[in-house]
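Engineer: test case, fold it:
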Amino acid sequence: MLNRIRSVMVVVLAAGLMWGCGGERGMEPSEVEDQVGRPLSKMAVAGGGISQATVVATVSQDDAPVAGAMVEFARSIAGQVPDYQWSGMTDDMGRVTVEISGQASGYYQARASWDGSVMGRWSSIPINGGYRTMVALPIGGRAQVTGTSERVTIGIVLPVTGSLHDSFGIPIQQGLDLARQGIGNVELKFVIEDDQSTVEGAVAAYNKLIQAGVPVIIGPSTSSQTRMAFPIAQENQVVAISPTSAATGLSALGDFVFRAALTTDVLIPSGIEATHEKLGYQTAATLYDELDFFSIDSDKVIREVLAAKGVEVLSTETFQSNDTDFSEQLTRIQALNPDVIFVSSLSPEKSEILKQGHQLGISATFIVRTLTVENVQKAGAAAEGAITFIGWGAAFDTPGNHAFVQNYRAEYGGEPNNYVARAYTTLRILAEAIANAQSTEATSIRDALANIRDFDTVFGNFSFDANGDAVYDAKVLIVKDGNLEIFDAQPVSQATATIGETNESGLTGKAVFTQNGDNIKFVISLANVSPGEHAVHIHETGDCSAPDGKSAGGHWNPTGVAHGKWGEGEFHLGDIGNMTVDDQGMGKLELTTNLWEMNTGSDIDVVGKAIIVHAGADDFVSQPSGNAGPRIGCGVIKMD
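Structural biologist: The predicted model follows:
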């Protein structure tokens with residue numbers, strides 16, 4: 001569908017009218033329409049010379065839908081045998097949509113057949129050219145026109161071509177098409193213009209659609225495009241609603257512009273609040289696209305929120321749109337050993353950043369804005385453990401979300417992503433506003449959109465704020481076993497040890513123990529240490545008062561086995577291992593295990609013990625402590 005530059009889209013507005021029409025069951029009808037001579041109603045001739053009409057017919061028997069019936073329509077012409085030119089098969093709801101071509105306005109008759117046998121016939125059905133007509137066809141009863149709808153043309157601006165076609169164009173088109181199928185009495189067709197994945201293309205598409213007289217435009221995709229296109233809509237008083245742009249402040253450009261995505265100044269603070277409390281990160285690095293407005297804005301907000309949380313940003317690295325090699329930036333970040341790395345970019349670069357970080361052996365958690373199913377699939381194992389701040393996820397129990405996911409799978413054979421969900425929701429919200437406005441005029445639609453409050457969507461309850469930005473609950477997802485799952489933001493247990501010098505070494509550092517379920521993650525960071533290998537152990541006594549650190553006692557060995565290397569044969573539960581310290585005197589070591597407990601009082605509880613750093617490396621052989629040399633650092637493990 002995306003290879004078409006233009007198709008026609010109409011959103012229709014229910015009129016709620018009803019006519020009684022003739023009907024028969026199981027009889028051979030007259031070959032000529034018996035009411036052709038009477039004049040059409042005012043509504044029935046409103047379409048006058050307009051060609052093409054849409055009929056949505058529902059066939060029922062004893063108030064139950066009839067599925068699998070062939071429904072045919074013929075124009076009633078005095079003195080002529082009906083010519084059933086337009087037909088379709090009813091679905092599981094007994095519903096069929098039939099497009100009637102030519103000069104469509106007039107009276108029609110219909111018949112329904114099952115396996116070649118006629119089940120029912122109906123006559124005197126008024127159809128308006130240029131309108132959509134809803135018709136009830138009860139077998140044995142009279143046909144009833146239950147509603148008609150007036151057309152409003154909607155412009156769509158999306159990347160049919162260019163670098164954003166796969167990541168934005170396809171999912172946005174799919175979301176719009178899927179929404180159209182589920183909007184009961186509203187017909188949806190678009191005038192689509194290709195923005196060519198550029199800012200200039202989006203501006204040209206907006207100007208073309210506005211010159212064509214559309215009252216509403218959906219799009220564009222990116223914040224860079226939206227920043228330039230929205231003022232054009234505002235100046236011309238055309239309603240514009242972007243499903244996907246999220247940079248701060250763009251909806252405040254005017255009262256005719258709206259957005260369905262949560263903005264960076266909403267999504268990032270809530271995401272950092274949830275993840276910081278859970279993960280307890282103290283240092284971070286950021287990486288962003290310096291040519292993309294969304295990425296620039298996202299990185300700015302991230303650094304502001306981290307600063308307010310007391311999280312130190314060790315480095316900020318940049319790249320440019322369509323770059324493919326991020327190794328230099330990631331290598332510099334890796335040397336600093338941050339706890340987390342925040343990535344702000346458009347979709348094409350995300351997977352490659354994750355893959356290259358994985359190849360370099362970076363252990364820090366990646367937090368990536370709007371990570372999609374496709375990003376995860378392309379990154380493969382490199383995406384495992386990555387976290388994303390987002391407005392929608394398949395795993396959430398929001399209104400209609402399960403049906404939305406199932407319908408997408410049935411239609412497209414895959415999993416919907418966040419951009420599909422945004423486009424889907426945008427169109428449903430717009431259709432609701434047009435119905436509420438009872439008008440196709442831009443000002444009325446604008447006012448109806450501004451009054452959307454607590455509307456049920458796959459995001460949850462949706463509203464627009466005073467600026468036209470979306471209001472609904474922000475969400476956090478994490479990649480587990482290749483799937484985007486709900487991030488458990490419940491606070492975790494944490495213990496720390498502030499490590500000071502012994503034997504006048506000058507060492508400083510900190511060790512953090514974070515419990516998540518049965519696992520405890522241990523992270524120790526040191527500074528002012530001589531370069532090379534240094535053993536790190538847990539000792540049995542939480543006392544660092546002695547200048548040489550010997551008040552901490554011997555190795556912690558609750559299982560009573562020989563000293564050794566962690567994870568190989570016998571080893572003490574305090575045998576953490578060796579840390580490599582670089583030329584700047586910095587070192588970091590991580591370990592995750594289910595062999596320890598925290599604050600339980602059991603024999604394997606680490607709280608109340610001491611972290612000891614040694615002058616040399618552990619040889620993993622010498623008993624009882626690996627011949628690691630004097631103690632140069634000590635810290636007592638305490639619950640936070």
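
Engineer: roughly how far does Ala385 sit from Phe487?
Structural biologist: Rather than Ala, residue 385 is Gly. Separation of Gly385 from Phe487 (CB to CB, to the nearest Å): 11 Å. C-beta: built from backbone N, CA, C; applies to glycine.

Engineer: do the same with Gly564
Structural biologist: In terms of CB to CB, Gly564 sits 36 Å off from Phe487.

Engineer: tell me which of these two has more neighbours.
Structural biologist: Using other CB atoms under 10 Å as the criterion, Gly564 and Phe487 rank with Phe487 on top: 22 against 17.

Engineer: excluding chain neighbours, what is closest to the more buried one?
Structural biologist: Val476 (4.0 Å; CB to CB, 6 or more residues apart in numbering).

Engineer: quick one, strands of the stretch 201-350 of the chain?
Structural biologist: When secondary structure is read from DSSP state E, counting those that start in this stretch, the stretch 201-350 of the chain shows strands at 216-218, 239-242, 257-259, 283-289, 312-319, 340-344.

Engineer: quick one: mean pLDDT over the fifth one.
Structural biologist: Regarding strand 312-319, the rounded mean pLDDT is 97.

Engineer: by contact count, what packs against it?
Structural biologist: strand 283-289, helix 293-309, helix 327-336 (3 or more CB pairs under 8 Å, 6 or more residues apart in numbering; DSSP states H and E).

Engineer: identify the residues contacting the first one?
Structural biologist: Pointing back at strand 283-289 there. Strand 283-289 has contacts (CB atoms under 8 Å, 6 or more residues apart in numbering) with 295-296, 298-299, 302-303, 306, 311-321, 326, 329-330, 333, 336-346, 349, 353, 364, 525.

Engineer: would you mind checking those residues for buried ones?
Structural biologist: Buried by 16 or more other CB atoms under 10 Å: 295-296, 298-299, 302-303, 306, 311, 313-319, 321, 326, 329-330, 333, 336-346, 349, 353, 364, 525, out of these.

Engineer: quick check: longest strand of the chain.
Structural biologist: strand 144-158 (DSSP state E).

Engineer: run through the residues that contact Leu317.
Structural biologist: Leu isn't right for residue 317; it's Glu. Applying CB under 8 Å, 6+ apart, the residues near Glu317 are Ala285, Thr286, Leu287, Tyr288, Gln329, Leu330, Arg332, Ile333.

Engineer: surely the last one and Thr318 touch.
Structural biologist: No: in this structure Ile333 lies outside contact range of Thr318 using CB atoms under 8 Å: 11.8 Å.

Engineer: quick revisit: to Ala431, which of the strands of the stretch 201-350 of the chain lies closest?
Structural biologist: strand 216-218 (10.6 Å; CB to CB).

Engineer: check the offset of the closest one from the chain's centre.
Structural biologist: 21 Å (CA atoms, centre = their mean, to the nearest Å).

Engineer: and for stretch 380-390?
Structural biologist: Worked out by CA atoms, centre = their mean, stretch 380-390 lies 13 Å from the chain centre.

Engineer: mean confidence score for that stretch?
Structural biologist: The model assigns stretch 380-390 a mean pLDDT of 95.

Engineer: for stretch 295-307, same thing?
Structural biologist: Mean per-residue pLDDT for stretch 295-307: 97.

Engineer: tell me which helix or strand of this structure sits lowest on mean pLDDT?
Structural biologist: One helix or strand of the chain scores below all others by mean pLDDT, DSSP states H and E: strand 10-14, with a mean of 37.

Engineer: fine, thanks again, bye for now.
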